[in-house]
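Asker: Predicted structure and sequence below. I'll ask about it afterward.
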Amino acid sequence: MFDAKLLDDGRVELFGRFDAAQVEKARVVFDLVKGPATVDFRGLEYISSAGLGILLMTQRRLKEAGGKGLKLMNMNKHIGDVFRYAGFDQVFEIV
């Protein structure tokens, strides 16, 4: 099960397992992000390369528009390791 919510304060909350089957659901939410946003991974258990791709596309779109991009927070150890191994810790601000 997966869910993504864009909150009024600009935060995006992720829950469950973000894999290829969830790309369209996530794309709808991330397409609504128009400026700097914080993505809260507190409820996320797993992310696949497809999920990483959605985040990367959103980051690229925001940066090309002159924005600051995404700030990622509250990753569990496994997801944090995935980001480090992929070199995404150099692409995103992770707190």
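Answerer: On my side now, so go ahead. Numbers count the residues shown, from 1 in each chain.

Asker: longest helix of this structure?
Answerer: Across the chain, the longest stretch assigned as helix under DSSP state H is helix 49-64.

Asker: Show the average pLDDT along that one.
Answerer: For helix 49-64, the mean pLDDT works out to 96.

Asker: any idea how far residue 28 is from the spatially most distant residue from the centre of the chain?
Answerer: Distance from the centre of the chain peaks at residue 66, with 18.5 Å (CA atoms, centre = their mean). Going from residue 66 to residue 28 by CB to CB, to the nearest Å gives 24 Å. Every C-beta, even on glycine, is put in place using the N, C-alpha and C of the backbone.

Asker: For this structure, give the strand that spans the most residues.
Answerer: Assignment by DSSP state E gives strand 37-47 as the longest strand of the chain.

Asker: on that earlier part again, show me what the longest helix of the chain is packed against.
Answerer: Under the contact definition 3 or more CB pairs under 8 Å, 6 or more residues apart in numbering; DSSP states H and E, helix 49-64 sits against strand 12-18, helix 23-31, strand 70-73.

Asker: how much space is there between residue 69 and residue 88?
Answerer: Relative to residue 88, residue 69 is positioned 12 Å away (CB to CB).

Asker: neighbour count winner among the two?
Answerer: Comparing residue 69 with residue 88 by other CB atoms under 10 Å, the one with more neighbours is residue 69, at 21 against 16.

Asker: I'd assumed residue 71 was in contact with residue 55.
Answerer: No: with contacts defined as CB atoms under 8 Å, residue 55 does not count as touching residue 71, sitting 11.5 Å away.
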